[in-house]
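Chemist: Build the 3D model from these lines:
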Amino acid sequence: MTDGLPDRAVTDGLPDLRPLCERVLLQNWREGVRDDGVRFAFACPSGGHYPWQWYWDSCFHAIVWRRIDPERGRRELTSLLDASREDGFVGHTIFWNVPLTGRRRITYNVVDPDDRMTATIQPPLLAWAWRIAVGDPAREPRVVRHHDWIAAHRDLEGDGLVWILQPDESGMDASPEFDPVWRHQAHGRPGYVLLVRRNRRLDFDIARVRAAGGPVACEPMTNVFHGLSQLALGRPSITPALIARCYDEDAGLFRLDAQPAVRERIPVTWAALSPLALPDLPEEIGRRLVEEHLLDETRFWLPVPAPSVDATDPTFTTNDLHLGLRRYWRGPTWINAAWLVWLGLVRLGYDEQAAELARRLAGAVQREGLREYYHPRTGAGMGQPDFGWTSLILELTEPDPAAARSYF
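Modeler: Numbering: from 1, shown residues only. Reported below is the predicted structural model:
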């Protein structure tokens with residue numbers, strides 16, 4: 001490491017993936033005018049299956065757009081703000097140009113099928129993405145108002161941490177870490193539709209959901225993005241609170257907290273390692289996450305790291321279908337997750353491992369294209385093709401000097 005810049009070894013010999021990433025983002029670009037006159041411009045995650053604007057996808061897209069066409073990145077994030085309510089709320093999916101139809105009218109988190117966006121959130125990383133892709137988020141009042149809404153409505157315990165009312169609010173829909181919390185109503189299980197129906201009756205209001213018996217969860221990865229956005233806005237760090245509530249010192253891992261409390265063992269997923277991306281995570285905790293867990297070749301340091309679930313955990317699987325339903329985040333490797341742990345490797349000076357992670361992921365992307373996720377042992381592309389946020393691979397193959405400081 002030299003002056004915060006990853007050593008040249010990080011990029012030596014890596015393929016040039018910029019043309020591929022640019023082609024996919026441009027191919028997925030959508031823009032137009034909604035029937036109420038509001039303009040929109042964004043890259044959909046993948047044509048066909050994902051036609052709308054997803055909150056955290058757009059944040060990731062904007063981070064990559066800054067390398068290709070910065071103005072598109074600004075427009076993508078501005079479209080999120082143009083969809084926001086007056087109080088700052090932004091739903092996790094915005095139905096700009098394609099109506100909500102079919103089974104999705106039943107299973108999506110909307111109060112009314114004609115709503116213009118969902119009534120639930122995704123990990124609140126808008127301010128951090130704005131800082132990386134555009135500039136100071138504190139100078140954009142609508143970004144500030146959005147994160148004020150998150151703090152006012154999702155900090156249930158007054159310690160600065162945010163809570164979610166459904167597993168999909170984390171973006172990791174069917175991750176096994178949620179199985180002990182939502183049980184038969186977890187995402188990807190038949191009972192999930194009953195959870196959505198109950199929460200719809202409660203207007204997806206987390207205070208009402210908790211009062212009705214929950215469950216609600218304080219999830220580490222969601223709070224990592226929340227914490228990065230708080231820092232981007234110049235606000236106090238939530239890292240100490242995250243450690244106090246979610247760090248299991250005996251195991252050297254982060255685990256979610258839930259109400260009602262969970263008595264069953266919580267499966268170990270990559271979310272347990274996600275605080276590596278926090279620039280102020282204490283070094284001793286970060287090194288435990290890396291050396292005891294991430295670099296374990298039987299668990300996370302597989303041929304295409306890092307799998308979304310510890311490969312020795314009983315819940316790990318590379319089969320993403322269950323009873324005909326797709327169940328995400330139960331084993332395969334996702335590029336956005338790998339990027340977050342890569343940030344920790346770079347920050348802590350694990351240059352050789354950071355370079356190796358970049359090489360393995362870049363090899364899979366070069367062979368398979370920008371897929372939604374990848375088989376952690378073979379690198380085979382899985383899920384949807386031409387998936388936009390997988391363009392984050394450029395953050396590893398063309399590292400920004402600020403990456404060693406989580407872009408601060």
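Chemist: And the strands in the stretch 101-250 of the chain?
Modeler: With strands called from DSSP state E, counting those that start in this stretch, the stretch 101-250 of the chain shows them at 216-218, 247-248.
Chemist: How about residues contacting the first one?
Modeler: If you take C-beta atoms under 8 Å, 6 or more residues apart in numbering as the criterion, strand 216-218 is touched by 156-157, 161-165, 167, 178, 181, 206, 209-210, 245-246, 256-259. Heads up, the C-betas are built off the backbone N, CA and C, glycines and all.
Chemist: ok, now the shortest one?
Modeler: The contact list for strand 247-248, computed with C-beta under 8 Å, 6+ apart, reads 253-255, 285.
Chemist: Direction included, what does that strand pair up with?
Modeler: Strand 247-248 has the following strand partners under DSSP bridges: strand 253-254 (antiparallel).
Chemist: Now A338: which helix or strand?
Modeler: A338 belongs to helix 335-347 when assigned by DSSP states H and E.
Chemist: picking up where we left off before, just the buried members of the contacts of strand 216-218?
Modeler: 161-165, 167, 178, 181, 206, 209-210, 245-246, 256-259 (16 or more other C-beta atoms under 10 Å).
Chemist: Among these, which are located in helices?
Modeler: Here DSSP state H is the test, and those give 181, 206, 209-210, 245-246 as lying in helices.
Chemist: Let me know the closest of these to W329.
Modeler: V181 (14.3 Å; C-beta to C-beta).
Chemist: remind me which residues of this structure are low pLDDT?
Modeler: Counting by pLDDT under 70, the chain contains low-confidence residues at 1-12.
Chemist: let's go with 50 and repeat that
Modeler: For the chain, applying pLDDT under 50 flags the ranges 1-9.
Chemist: Tabulate the CA atom coordinates of the top helix by length along the chain in PDB.
Modeler: Longest helix of the chain, by residue count under DSSP H: helix 351-368. Extracted C-alpha coordinates of helix 351-368, given in PDB (Å, rounded to 0.1, in the frame of the first residue of the first chain):
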ATOM      1  CA  ASP A 351      -2.600  -6.400  -0.700                       C
ATOM      2  CA  GLU A 352      -1.900  -9.900  -2.000                       C
ATOM      3  CA  GLN A 353      -5.300 -11.200  -0.900                       C
ATOM      4  CA  ALA A 354      -7.100  -8.100  -2.400                       C
ATOM      5  CA  ALA A 355      -5.200  -8.700  -5.700                       C
ATOM      6  CA  GLU A 356      -6.200 -12.400  -5.700                       C
ATOM      7  CA  LEU A 357      -9.800 -11.600  -5.000                       C
ATOM      8  CA  ALA A 358      -9.800  -9.200  -7.900                       C
ATOM      9  CA  ARG A 359      -8.200 -11.800 -10.200                       C
ATOM     10  CA  ARG A 360     -10.600 -14.600  -9.400                       C
ATOM     11  CA  LEU A 361     -13.700 -12.400  -9.800                       C
ATOM     12  CA  ALA A 362     -12.500 -10.800 -12.900                       C
ATOM     13  CA  GLY A 363     -11.800 -14.200 -14.500                       C
ATOM     14  CA  ALA A 364     -15.300 -15.300 -13.800                       C
ATOM     15  CA  VAL A 365     -16.800 -12.100 -15.200                       C
ATOM     16  CA  GLN A 366     -14.600 -12.300 -18.300                       C
ATOM     17  CA  ARG A 367     -15.700 -15.900 -19.000                       C
ATOM     18  CA  GLU A 368     -19.400 -15.500 -18.100                       C
END
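Chemist: Okay, buried residues for that helix please.
Modeler: For helix 351-368, by 16+ other C-beta under 10 Å, it's 351, 353-362, 364-366, 368.
Chemist: Format the ones in helices among the buried ones among the contacts of strand 216-218 as TSV; extra columns: distance to G47.
Modeler: Output for these, formatted as TSV (distance: C-beta to C-beta, whole Å):
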residue	distance to G47
V181	33
I206	33
V209	34
R210	38
R245	40
C246	37
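Chemist: And the residues you listed, which two are furthest apart?
Modeler: V209 and C246 (20.3 Å).
Chemist: From D36, how far out is the residue nearest to H146 when sequence neighbours are not counted?
Modeler: Among residues not flanking H146 along the chain, G88 sits closest, at 4.3 Å (C-beta to C-beta, 6 or more residues apart in numbering). The gap separating G88 from D36 is 19 Å, by C-beta to C-beta, to the nearest Å.
Chemist: Would you mind telling me which of the two has more residues around it?
Modeler: G88 (20 against 6; other C-beta atoms under 10 Å).
Chemist: Wait, a helix at the more buried one?
Modeler: No. Checked against DSSP: H, G, I helix; E, B strand; the rest coil, G88 lies outside a helix; its state is coil.
Chemist: I'd say it and R142 touch.
Modeler: Yes. Under the criterion of C-beta atoms under 8 Å, G88 makes contact with R142 at 7.2 Å.
Chemist: what about L323, neighbour count?
Modeler: Neighbour count of L323, defined by other C-beta under 10 Å: 8.
Chemist: Who are the contact partners of it?
Modeler: L323 neighbours (C-beta under 8 Å, 6+ apart): 189-190.
Chemist: next one: M117
Modeler: Contacts of M117 by C-beta under 8 Å, 6+ apart are 83, 90-95, 110.
Chemist: tell me the secondary structure for the residue nearest to it when sequence neighbours are not counted?
Modeler: Among residues not flanking M117 along the chain, G91 sits closest, at 3.4 Å (C-beta to C-beta, 6+ apart). Per three-state DSSP, the secondary structure class of G91 is coil.
Chemist: Confirm for me that G91 is in contact with L80.
Modeler: No. Taking contacts as C-beta under 8 Å, G91 lies outside contact range of L80: 9.4 Å.
Chemist: shared neighbours of the two, anything?
Modeler: If you check G91 and L80 against C-beta under 8 Å, 6+ apart, the residues they both contact are Y55.
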